[in-house]
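Colleague: Take this sequence and fold it.
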Amino acid sequence: MAESRLKRTINNLYTGRSQRATNFRYGLIAFDLASIAFFVATAPAFPTPFILAADFVIGLFILADFLARLWIAPDKPRMLRQLYTVADILVILTLLLAPFISTSFAFLRVLRALRLLHSYHVLRDLREETAFFRRNEEVIVACVNLFVFIFLATALVFTLQYRRNPDIQSYVDALYFTVTTLTTTGFGDITMTGSGGRLLAVGIMLVGVALFFRLAQAVFRPAKVRYTCPSCGLNRHEPDAVHCKHCGETIKIPTHGVE
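Modeller: Prediction:
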């Protein structure tokens, strides 16, 4: 009985609509941002006892979060196959086993950034609470996806090239190279060494162009709202639509009053 109450409480925190649940999920996002900042700040540092202890504590928190989500998941095998779950497992392993693994795996920790807007029902919370987010959701999500990719690519460049490439002496150097490569500007003052480095640069350019195109599409495409038509399934409509443009079905798009 106590176990079922605990599971119900945890489920409400992760999926509920109360203010307490919303604050809990925002707190998890704040923890993610703080931990990612710590990973970036300590990436070039020698793993001192303090850093190893902090890694272990952060790893325990992420492990507790992972186990809680797994416990309440209605379809556990499906959850374990998701990209974000695999990323969490890799992050947990690199943190809890930090004293026993090579520091070259440290870049895997920034995979935690993949969860910034793709979990904890944060998108739903922001839609319900923020009029600005409702009006600009696609643009904001496209910006976050681009930011996360830049963040991950920079961490990968830094980890693979730091101390091996004389042009990469700091995280800022890696960020500068990533942005110039992603935008295809290519000043040429920093170049990757080895076949692996060149392939990484190619990947950054290809993915970066796709993400920039997605962002431009979100910015310049006419604003629409998300609402699934009960007849044909079309899920994007004009804000003032009363009929589905595709099938003519009457639709009732929820509104939040005058904003």
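Colleague: ok, the nearest residue to Thr183 once chain neighbours are set aside - contacts?
Modeller: For Thr183, ignoring the flanking residues on the chain, the nearest one in space by Cβ to Cβ, 6 or more residues apart in numbering is Gly208 at 6.9 Å. The C-beta positions use only the backbone N, C-alpha and C, and glycine is treated the same way. By Cβ atoms under 8 Å, 6 or more residues apart in numbering, the residues touching Gly208 are Phe149, Ala153, Thr181, Leu182, Thr183, Thr184.
Colleague: Same check on Lys245?
Modeller: Leu234, His237, Glu238.
Colleague: nearest to Met192, of the contacts of Gly208?
Modeller: Nearest to Met192 out of the contacts of Gly208 is Thr181 (Cβ to Cβ; 8.7 Å).
Colleague: these two touch, right, that closest one and Met205?
Modeller: Yes - counting by Cβ atoms under 8 Å, Met205 is a contact partner of Thr181 at 5.7 Å.
Colleague: Give me the more crowded residue out of the two.
Modeller: Thr181 (23 against 15; other Cβ atoms under 10 Å).
Colleague: how close does the more buried one sit to Ser195?
Modeller: Here Thr181 is placed at a distance of 16 Å from Ser195 (Cβ to Cβ, to the nearest Å).
Colleague: what does stretch 209-227 contact?
Modeller: Contacts for stretch 209-227 (Cβ under 8 Å, 6+ apart): 134-135, 137-139, 141-143, 145-146, 149, 182-184, 235-239, 251, 253-254.
Colleague: State the mean pLDDT of it.
Modeller: The average pLDDT within stretch 209-227 is 76.
Colleague: got the buried residues for it?
Modeller: In terms of neighbour count (16 or more other Cβ atoms under 10 Å), stretch 209-227 has its buried residues at Leu211, Leu215, Ala218, Val225, Tyr227.
Colleague: pull the CA atoms of the helix or strand hosting Asp32 into CSV?
Modeller: Following DSSP states H and E, one finds Asp32 within helix 19-42. Extracted C-alpha coordinates of helix 19-42, given in CSV (Å, rounded to 0.1, in the frame of the first residue of the first chain):
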residue,chain,number,x,y,z
GLN,A,19,1.8,23.7,-9.6
ARG,A,20,3.9,21.5,-7.4
ALA,A,21,4.5,19.1,-10.2
THR,A,22,5.3,21.9,-12.6
ASN,A,23,7.8,23.4,-10.2
PHE,A,24,9.4,20.0,-9.7
ARG,A,25,9.9,19.6,-13.4
TYR,A,26,11.3,23.1,-13.7
GLY,A,27,13.7,22.2,-10.9
LEU,A,28,14.9,19.2,-12.8
ILE,A,29,15.6,21.3,-15.8
ALA,A,30,17.5,23.8,-13.6
PHE,A,31,19.5,20.9,-12.2
ASP,A,32,20.3,19.8,-15.8
LEU,A,33,21.5,23.2,-16.8
ALA,A,34,23.7,23.5,-13.7
SER,A,35,25.2,20.0,-14.1
ILE,A,36,25.9,20.7,-17.8
ALA,A,37,27.6,24.0,-16.9
PHE,A,38,29.7,22.0,-14.4
PHE,A,39,30.7,19.5,-17.0
VAL,A,40,31.8,22.2,-19.4
ALA,A,41,33.8,24.0,-16.7
THR,A,42,35.6,20.9,-15.6
